[in-house]
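>>> got a sequence here, can you build the structure:
(one chain, ligands or ions: 1)
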Amino acid sequence: MAATSPLYETYARAPLRFERGEGVWLITEGGERYLDFAAGVAVNVLGHSHPHLVEALKAQAEKLWHTSNLYQAPGQEKLGERLIANTFADKVFFTNSGAEALECAIKTARRYHYSKGQPDRYHIITFEGAFHGRTIATIAAGGQQKYIDGFGPKAPGFDQVPFEDLDAVKAAITDATAGILLEPVQGEGGLRTFSPEFLKEIRALCDEHGLLLIFDEVQCGVGRTGTLFAYMQMGVTPDIMAVAKGIGGGFPMGACLATADAASGMVAGTHGSTYGGNPLAMAVGNAVLDVVLLDGFLQNVKGLGLQFRQGLEGLKDRFPDVIEEIRGRGLMIGIKAKVPAADLLQALRSEHVLTVMAGDNVVRVLPPLITTADEAREGLARLEKAAEKLRAEKLR
Ligand code: PLP
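Take a look at the predicted model:
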């Protein structure tokens, strides 16, 4: 590692240098193997070096990399049609990242009301604990002061209310409200899941007031919770949805999905992206869907989710001094720790298991969706060892 890094110091990077990956394993330059239960923060849904993704990327690389959005886009059309066939949506805009998918979602909602003669209707209600990205608009939407401070005036038009507080939502709705934005399962915020009952109330409020319901499924989408998208378990359908991370399996891409009505304001010239929907990204996105939509794939994710849940609940019972609560759905799992979450993450790293921090003293366990039952068992055994060591340290 260089003594002084040429990189911005915006990340507290772990002292690990990975050279390659195989399935659920990451391998360092020195040859050490780590069980990757971080999956690039819920990105590598098919693990590392999945042969179908490698093949798709190579084949596309030999044909065509980039054309821009000035021409027809067969890869976008194919992936768009498949996303539409498998969701509530009628229209798709492809982006390069999650934050860009959110930007598109916010613009779509605002433009909808503008095109209906209500230009002052641009406020979006969001929830405490949200994370929607790091652009100027999405830090305002997320509402976390630590991400907002120091970047000039907070972008206007985002009204935040406490998590699952229906009265606060009702009180926040005004003539200027355009929509309500939420992550069905909050990721960075600490793996909190909105209840289906609450979401039904929110849907009803949107219908009553003519608001657009926007789901951010950047982290919880693409099979992570055991259904293609998390909303499918909630009995509630959004009007607009932001997707990224898993849809590219590690290739940078995202998408904003919308109903035809919600997207009706996004006419020619209102939005654009040089790279969005690039042929390489579309080849990989289509290849990800080839696998995730295979018969039984999502069923298997549900089974694995159950296996982790049972294993972790068992560990919680045995180590109540280390683990307070198990949260989440499917393979989007949160361990709320009794010890500092950073200590749990570190103890797991010592056992060569990679996880991710979240808010609310939670450690996220986000295994690739192709994890086998044996690998899950191996991971749980290592979790047990980490908990034992933390307990021993506490008693010392
Ligand atoms: N929304 C959610 C729920 C996320 O978890 C993230 C990233 O962690 C984003 C948006 C932003 O995505 P990106 O980092 O690709 O811009």
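
>>> OK, contacts around L383?
Residues near L383 by Cβ atoms under 8 Å, 6 or more residues apart in numbering: 311-312, 315, 348, 351, 353. (C-beta placed from N, C-alpha, C; glycine too.)

>>> show me where the stretch 51-200 of the chain has its helices.
Listed in chain order, the helices of the stretch 51-200 of the chain (DSSP state H, counting those that start in this stretch) span 51-63, 74-85, 98-115, 136-142, 145-148, 166-172, 196-209.

>>> can you name the residues of the stretch 51-200 of the chain that neighbour the ligand?
Residues of the stretch 51-200 of the chain found near the ligand (Cβ under 6 Å from any ligand atom) are 97-99, 102, 131-133, 183, 187-188.

>>> on that earlier part again, need the helices of the stretch 51-200 of the chain in JSON lines (columns: mean pLDDT and mean neighbour count).
Shown next, in JSON lines, are the helices of the stretch 51-200 of the chain (pLDDT from 0 to 100; neighbours: other Cβ atoms under 10 Å):
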{"stretch": "helix 51-63", "mean pLDDT": "98", "mean neighbour count": "14"}
{"stretch": "helix 74-85", "mean pLDDT": "98", "mean neighbour count": "17"}
{"stretch": "helix 98-115", "mean pLDDT": "98", "mean neighbour count": "25"}
{"stretch": "helix 136-142", "mean pLDDT": "98", "mean neighbour count": "23"}
{"stretch": "helix 145-148", "mean pLDDT": "97", "mean neighbour count": "12"}
{"stretch": "helix 166-172", "mean pLDDT": "98", "mean neighbour count": "14"}
{"stretch": "helix 196-209", "mean pLDDT": "98", "mean neighbour count": "16"}
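
>>> who wins for proximity to V288 among those?
For V288, the closest of the helices of the stretch 51-200 of the chain is helix 51-63, at 6.8 Å, according to Cβ to Cβ.

>>> list the helices and strands the closest one packs on?
helix 279-292 (3 or more Cβ pairs under 8 Å, 6 or more residues apart in numbering; DSSP states H and E).

>>> please see if the helix it packs on touches the ligand.
No - judged by Cβ under 6 Å from any ligand atom, helix 279-292 stays clear of the ligand, getting no closer than 12.7 Å.

>>> how about that helix: buried residues?
Neighbour counts over helix 279-292 (16 or more other Cβ atoms under 10 Å) mark 279-289, 291-292 as buried.

>>> what does stretch 268-277 contact?
Here stretch 268-277 makes contact (Cβ under 8 Å, 6+ apart) with 66, 68-69, 73, 75-76, 93-96, 100, 104, 107, 111, 281.

>>> can you check stretch 41-50 too?
Stretch 41-50 has contacts (Cβ under 8 Å, 6+ apart) with 20-26, 36, 39, 52-53, 187, 219-220, 222-224, 245-246, 248-250, 288, 291-292, 332, 356, 364, 366, 368-371.

>>> just the closest of the buried residues of helix 279-292 to I326, please.
V292 (24.6 Å).

>>> about what we covered before: widest-spaced pair of the buried residues of helix 279-292?
The largest separation in those, counting by Cβ to Cβ, is between P279 and V292 at 20.3 Å.

>>> just the buried ones among the contacts of stretch 41-50, please.
Buried, going by 16+ other Cβ under 10 Å: 21, 23-26, 36, 39, 53, 187, 219-220, 222-224, 245-246, 248-250, 288, 291-292, 332, 356, 364, 366, 368-371, out of the contacts of stretch 41-50.

>>> which members of these are positioned in strands?
Counting by DSSP state E, the part of the buried ones among the contacts of stretch 41-50 found in strands is 21, 25-26, 36, 332, 356, 364.

>>> which one among the residues you listed gets closest to F88?
Of all those, F88 sits closest to M332, with 20.4 Å by Cβ to Cβ.

>>> looking at the stretch 51-200 of the chain, what residue ends up closest to the ligand?
When distances are taken as Cβ to the nearest ligand atom, the stretch 51-200 of the chain reaches nearest to the ligand at G98, 2.2 Å away.

>>> that residue against G248, yeah?
No - the pair G98 / G248 is not scored as a contact, 10.2 Å apart, by Cβ atoms under 8 Å.

>>> and L16, how many residues sit next to it?
Residues near L16, counting by other Cβ atoms under 10 Å, number 13.

>>> I misspoke; the intended subject was A387.
Close neighbours of A387, defined as other Cβ under 10 Å, add up to 24.

>>> what residues are up against it?
A387 makes contacts with 315, 318-319, 322-323, 347, as judged by Cβ under 8 Å, 6+ apart.

>>> again, only this time at 7 Å
A387 makes contacts with 315, 319, 322-323, as judged by Cβ atoms under 7 Å, 6 or more residues apart in numbering.

>>> and stretch 120-133, which residues are buried?
Buried residues in stretch 120-133, defined by neighbour count with 16+ other Cβ under 10 Å: 121-133.

>>> how far off centre is that stretch?
In terms of Cα atoms, centre = their mean, to the nearest Å, the centre of stretch 120-133 is set 16 Å apart from its chain centre.

>>> so how far is the first residue of that stretch from its last?
End-to-end distance of stretch 120-133: 24 Å, with Cα to Cα, to the nearest Å as the criterion.

>>> now do that stretch, average pLDDT.
Taken as a whole, stretch 120-133 carries a mean pLDDT of 98.

>>> just stretch 340-352 next, same as before
The average pLDDT for stretch 340-352 rounds to 98.

>>> okay, buried residues for that stretch please.
341, 343-345, 347-349, 351.

>>> can you tell me which of those end up in helices?
341, 343-345, 347-349 (DSSP state H).
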